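> Fold the following and give me the result.
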Amino acid sequence: MQDDEFYRAGYAVDAVSPIFDAHRRPAPLVRFSRSATKAHAGCRLGQHTDALLRELGYDDERIARLRKRDVVR
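Modelled structure (predicted):
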């Protein structure tokens, strides 16, 4: 997957990650004619935990308690 032939064929794309810096990753499996398909670097562990818990109705105090008990990251 890391060789140039694979990349030129469109099976891999460039991505930038805060952990891995610039790297190649698999390209999206499908493409749509009227919308852009992007292959971002992905999420870090726990990156969206607070937002998801808030959406479920958890307040900051309850989220902090969950983190303290290592229930969530």
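
> shaky segments in the chain?
The chain contains residues with pLDDT under 70 at 1.

> mind listing the strands for it?
For the chain, the strands defined by DSSP state E occupy 12-17, 21-26.

> Out of the ones you listed, which one sits most buried?
Using mean count of other C-beta atoms under 10 Å, the stretch among the strands of the chain with the largest mean neighbour count is strand 12-17, at a mean of 14. For every residue, glycine as well, the C-beta is placed using N, CA and C.

> Who does the closest residue to Gln2 other than its chain neighbours form a beta bridge with?
Leaving aside its sequence neighbours, Gln2 sits nearest to Arg24 (C-beta to C-beta, 6 or more residues apart in numbering; 5.9 Å). For Arg24, the beta-bridge partners are Asp14 (DSSP bridges).

> Hmm, Val16 and Arg24 touching each other?
No. Using C-beta atoms under 8 Å, Arg24 is not in contact with Val16, being 11.0 Å away.

> Grab the most central residue of the chain for me.
The residue lying closest to the centre of the chain (C-alpha atoms, centre = their mean) is Gly42, at 2.0 Å.
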